[in-house]
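Peer 1: sequence first, then the predicted structure:
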Amino acid sequence: MNLTLRVWRQKDQSDKGRMVTYKVEDVSPDMSFLEMLDVLNERLILEGDDPIAFDHDCREGICGMCGMVINGVAHGEQRATTTCQLHMRHFEDGAEITIEPWRAAPFPVVKDLVVDRSAFDRIIQAGGFVSVPAGSAPDAHSVPVRKEDADAAFDAATCIGCGACVAACPNGSASLFTAAKITHLSLLPQGQPERLSRAKAMVDQMDAEGFGGCTNTGECTAVCPKGIPLDAIAQMNSDYLKANAK
Amino acid sequence: MKYTEGPEIRDTKAPDGPIEERWEKRKFSAKLVNPANKRKLNVIVVGTGLAGGSAAATLGELGYNVKSFCYQDSPRRAHSIAAQGGINAAKNYRGDGDSIYRLFYDTVKGGDFRARESNVYRLAQVSVNIIDQAVAQGVPFAREYGGLLDTRSFGGAQVSRTFYARGQTGQQLLLGAYQALERQVAAGTVEMHTRHEMLDLIVADGRARGIIVRDMVTGEIERHLADAVVLATGGYGNVFFLSTNAKGCNTTAIWRAHERGAYFANPCYTQIHPTCIPVSGEYQSKLTLMSESLRNDGRVWVPLRKNDERAPGDIPEEERDYYLERIYPSFGNLVPRDIASRAAKNVCDEGRGVGPGGLGVYLDFRDAINRLGRDAVEKKYGNLFEMYERITGENPYDVPMRIYPAVHYTMGGLWVDYDLQSTIPGLFVIGEANFSDHGANRLGASALMQGLADGYFVLPTTIGDYLANGPYGDVDEEAVAEAEIKVRNKIDRLLSVNGTRTPDSFHRELGRLMWDYCGMERTEESLRKALERIPELREEFWQNVKVTGTAEELNQVLEKAGRVADFFDLAELMCLDALVRTESCGGHFRAESQDADGEALRDDENFAHVSAWEHTPDGPVLHKEPLEYEYVKMTQRSYK
Ligand code: SF4
Ligand code: FES
């Protein structure tokens, strides 16, 4: 198949950036989206052009490093899919595809489609952990955990920290990401001692990073490759309110 | 390629006495660092996977001054995150006869008697603490209705000792380590450097004293000094271009350390994983693993007839060959990885492979779905089935999966002693980057165990013994400047070639060559061919590679080119190591050394040793470390 790509090019953080059009030919439907860009980049290198910079690593939907807004949708239109898992069979021959980076003030563009998501790490630093130094843990079976709780905690814990939720949110809120971690830990007995202080610290850090507030538009969960549900945000808000009431 | 033989390695620093007591003994004999001194001791940890992340976090907790580095944009991305199946631990929660001794025994045997007994025993002992630690961190392992941890049995084991978190065990364990690491970043004990790539090791007065890194955003070359350096930079499977590794995984950190004097052990030991999604075309950029836990319920088969073009559903039962069940009646579909991989290759070589190019075998869930119901199968493997469908466009509930072996893990790595210290004092190597625990073949669910054992429990103790004699004072400026200049020169050289081929095109060609000549099956002839071809290709690379852009910006082509350059040198050493080891063992199969049934045939008389290679200006020097088995009797592996 043959495609026309319109891709965001921006040399560095200070550059204004613009859309540039590229034609790609002989794309196989079995290619992944990133493989299609690889092929284009190989050509650009040989032509002496700067290839398109994009983040990626595992290419199997788990590391959270990849992420592009494809035709206006974070990670593209296919549900529950990261950019690296998207395959070209979902596009029509002759299609025009626009490709842009995550756009949110706390995620400045580094180059082309690469953005700086270190704000997420700082939200985790604020409290997204259980304080248990290596070697201090009791036997794993000393505290049974209800299967339902373990399963629900797991579901929340599958967040890959990709940032699509932020990119999709009209307010640029990081609520789904933050709530996923808060929910994961607050569902487990091991997370209880720090439950409220954790919620407070993480939410405050999220605000301090300049992410917007949540107005329940649900855009985040719609693009989330791991299907983190909106309920997580309710859980976060309830823990946060309790922490502030204390 | 010429090589010479140097003196044997006789002392690995493992304590003597009964094997159960050795680790206790070492912990007791290791010097302690005065708590007030810890803050004055600087440690660099490169890599933030299970080994590096857990080590940096733990060293921070102990009060050392730690700097942690990764090439990704966040430490949470390291490729441990992609491990699917599980983590072994000798908890014996099932009462099914498991024990530390049995895990030790299975690992030594599974490694085809090419691992050290002392190290493996310690690994089995520490495995128990890892599960406790992870659970306390909030790692959401699978549980049973009674609230206790669930386990399953996994490739090559007859007991149920593998703990798991659906098909995402690596992710959950890594996030546990990542969170512990970020907690230390917040506490100020760990300084995190993301998007930084290590390009050289600083060795001064015979000790590892720091690293040279490139800031991948600005291109700035930076020096970081310390009292000890820990490499946790993973394996080198990407030398084959196509592997299940993440795209960024590379050998640069360990290779540069090797060039600075660290011995490289058993580079030819690579693991080919039997259950990966087959290649679909020329543009293929990586291969995706399907967890081998699938082999618990899926049955592997190919058509009995050659070139059978029928759809799998149209092939009746009596015309299918469930070859693993046929050849290995007692282990069936659960034989170790190397055996399953080679068996797949053999049936495909016979012309009975399926899918594009005949490079695939079926992994069929029909019987499991009939027996357990679709829901139960979906509960267990749902996410893996989904992943498969995304990539291939086929639904494994209706059509059997197609799988083929792919490079997955490298058992070889930098040589370390019992303390995980390399041959350069002050340089420690942990996780997949070292060579120590898996011998010639790693068992399923043992990589996570080893990474975390090294990072949470072993290294933090043994490095203390080294640091107790520190701080090691000012670093000789000349050594630092020399390393920095070397790095700059290499970058300048890459940028100045301005040829006509991309770094990736060289990498693909090298990978193809390694797969054909130094892959699942190796012969003297194929290895000699590779050793002839690699230097030619390397020569062409340095004459004809094209790297666009400049050194002072985010430049992914430059990053790639630097890594490919190191892969060439490593590839050559791998082939040499494979050529010299004329026996077959574990993942290293020399076609000349097989028994009447086509099974790998070890040569214990001549090869019961670790091959540790030293880098010298006059070529590689081989040092043998003899392996002795006091506890597990050396036998020819049999899974029949
Ligand atoms: S909540 Fe979903 S979209 Fe947001 S970072 Fe996590 S995985 Fe990505
Ligand atoms: S590259 Fe890892 S999730 Fe896409």
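Peer 2: Received it, and whenever you're ready, just let me know what you need. Ligands and ions are numbered 1, 2, ... in the order given.
Peer 1: burial count for the closest residue to chain B within chain A?
Peer 2: Here chain A gets closest to chain B at one residue, residue A:144, 2.9 Å apart by CB to the nearest CB. C-beta here means a position set from N, CA and C on the backbone, and glycine is covered the same way. Applying other CB atoms under 10 Å in any protein chain shown, we find 14 residues neighbouring residue A:144.
Peer 1: okay, and the beta partners of the closest residue to residue B:429 other than its chain neighbours?
Peer 2: Counting by CB to CB, 6 or more residues apart in numbering or on different chains, the nearest residue to residue B:429 once its immediate chain neighbours are dropped is residue B:414, at 4.3 Å. Residues in a beta bridge with residue B:414, per DSSP bridges, are residue B:264, residue B:434.
Peer 1: check the residue of chain A closest to chain B and give its pLDDT.
Peer 2: Listed pLDDT for residue A:144 reads 97.
Peer 1: so it touches residue B:144, yeah?
Peer 2: No - Residue A:144 sits out of contact with residue B:144 when judged by CB atoms under 8 Å, with a separation of 9.4 Å.
Peer 1: in contact with residue B:62, which residues?
Peer 2: Counting by CB atoms under 8 Å, 6 or more residues apart in numbering or on different chains, residue B:62 touches B:38, B:460, B:464.
Peer 1: and what of residue B:636?
Peer 2: Contacts of residue B:636 by CB under 8 Å, 6+ apart are B:595, B:599, B:601, B:602.
Peer 1: same check on residue A:202?
Peer 2: A:123, A:124, A:126, A:127, A:128, A:178, A:181, A:182.
Peer 1: same check on residue A:186?
Peer 2: A:192, A:195, A:198, A:199, A:235, A:239.
Peer 1: among those, who's most crowded?
Peer 2: Using other CB under 10 Å as the neighbour criterion, residue A:199 leads those with 28 neighbours.
Peer 1: hang on, the earlier thing: name the element the residue of chain A closest to chain B belongs to?
Peer 2: Using DSSP states H and E, residue A:144 sits in no helix or strand.
Peer 1: part of a strand, is residue A:64?
Peer 2: No - Residue A:64 sits outside any strand when classified using DSSP: H, G, I helix; E, B strand; the rest coil, being coil.
Peer 1: the residue nearest to residue B:429 reaches residue B:264, doesn't it?
Peer 2: Yes - between residue B:414 and residue B:264 there is a contact under CB under 8 Å: 6.0 Å.
Peer 1: check contacts around residue B:170.
Peer 2: B:50, B:80, B:81, B:82, B:83, B:84, B:448 are the contacts of residue B:170 under CB under 8 Å, 6+ apart.
Peer 1: surely the third one touches residue A:63?
Peer 2: Spelled out, that is residue B:81. Yes - contact criterion CB under 8 Å: residue B:81 and residue A:63 qualify, at 5.2 Å.
Peer 1: mind checking which of those two has more residues around it?
Peer 2: Remark: of residue B:81 and residue A:63, residue A:63 carries more neighbours, 31 against 27, as counted by other CB under 10 Å.
Peer 1: who touches that one in this structure?
Peer 2: A:57, A:160, B:72, B:76, B:77, B:78, B:79, B:81, B:82, B:246.
Peer 1: so which of those residues reach ligand 1?
Peer 2: The subset of the contacts of residue A:63 within reach of ligand 1, by CB under 6 Å from any ligand atom, is residue A:160.
Peer 1: save the contacts of residue A:63 as JSON lines, and put in secondary structure, pLDDT and distance to ligand 2 too.
Peer 2: Formatted as JSON lines, these follow (DSSP: H, G, I helix; E, B strand; the rest coil; pLDDT from 0 to 100; distance: CB to the nearest ligand atom, whole Å):
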{"residue": "A:57", "secondary structure": "coil", "pLDDT": "98", "distance to ligand 2": "5"}
{"residue": "A:160", "secondary structure": "coil", "pLDDT": "98", "distance to ligand 2": "6"}
{"residue": "B:72", "secondary structure": "coil", "pLDDT": "98", "distance to ligand 2": "9"}
{"residue": "B:76", "secondary structure": "helix", "pLDDT": "98", "distance to ligand 2": "11"}
{"residue": "B:77", "secondary structure": "helix", "pLDDT": "98", "distance to ligand 2": "7"}
{"residue": "B:78", "secondary structure": "coil", "pLDDT": "98", "distance to ligand 2": "11"}
{"residue": "B:79", "secondary structure": "helix", "pLDDT": "98", "distance to ligand 2": "9"}
{"residue": "B:81", "secondary structure": "helix", "pLDDT": "98", "distance to ligand 2": "8"}
{"residue": "B:82", "secondary structure": "helix", "pLDDT": "96", "distance to ligand 2": "8"}
{"residue": "B:246", "secondary structure": "coil", "pLDDT": "98", "distance to ligand 2": "7"}
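Peer 1: neighbour-wise, which one of the contacts of residue A:63 leads?
Peer 2: Going by other CB under 10 Å, residue B:78 tops those with 33 neighbours.
Peer 1: isn't that one right up against residue B:46?
Peer 2: No - counting by CB under 8 Å, residue B:78 stays clear of residue B:46, with 11.1 Å between them.
Peer 1: quick check: neighbours shared by these two?
Peer 2: Common neighbours of residue B:78 and residue B:46 (CB under 8 Å, 6+ apart) are B:52, B:70.
Peer 1: how many neighbours does the nearest residue to residue A:90 once chain neighbours are set aside have?
Peer 2: Spatial nearest neighbour of residue A:90, chain neighbours left out: residue A:78 (5.6 Å); criterion: CB to CB, 6+ apart. Using other CB under 10 Å, the number of residues around residue A:78 comes to 17.
Peer 1: ramachandran angles for residue A:78?
Peer 2: Backbone torsions of residue A:78, given as degrees, to the nearest 10, read phi -70, psi 130.
Peer 1: got the residues of chain A near ligand 2?
Peer 2: Close to ligand 2, as judged by CB under 6 Å from any ligand atom, chain A has residues A:56-59, A:61-66, A:82-84.
Peer 1: host element of residue 176?
Peer 2: I'll assume chain A. Assigned by DSSP H and E, residue A:176 falls in helix A:175-186.
Peer 1: chain B is the one I meant
Peer 2: Counting by DSSP H and E, residue B:176 is part of helix B:169-187.
Peer 1: just the C-alphas of that helix, formatted as CSV.
Peer 2: Output of helix B:169-187 as CSV, limited to C-alpha atoms (Å, rounded to 0.1, in the frame of the first residue of the first chain):
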residue,chain,number,x,y,z
THR,B,169,5.5,-10.8,35.9
GLY,B,170,8.6,-8.9,34.7
GLN,B,171,6.6,-5.7,34.5
GLN,B,172,5.2,-6.0,38.1
LEU,B,173,8.6,-7.0,39.6
LEU,B,174,10.3,-4.2,37.7
LEU,B,175,7.8,-1.6,38.8
GLY,B,176,8.4,-2.8,42.4
ALA,B,177,12.1,-2.2,42.0
TYR,B,178,11.5,1.1,40.1
GLN,B,179,9.3,2.3,42.9
ALA,B,180,11.9,1.4,45.5
LEU,B,181,14.4,3.3,43.3
GLU,B,182,12.3,6.4,43.0
ARG,B,183,11.8,6.4,46.7
GLN,B,184,15.5,6.6,47.1
VAL,B,185,15.7,9.4,44.5
ALA,B,186,13.2,11.3,46.6
ALA,B,187,15.3,10.5,49.7
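Peer 1: next one: the helix or strand that it is followed by to chain centre, how far?
Peer 2: As assigned by DSSP H and E, the chain's next helix or strand after helix B:169-187 is strand B:190-193. Taking CA atoms, centre = their mean, to the nearest Å, one finds strand B:190-193 lying 24 Å from the centre of the chain it belongs to.
Peer 1: do strand B:190-193 and chain A come into contact?
Peer 2: Yes - using CB under 8 Å from any CB of the partner chain, strand B:190-193 reaches chain A at residue B:192.
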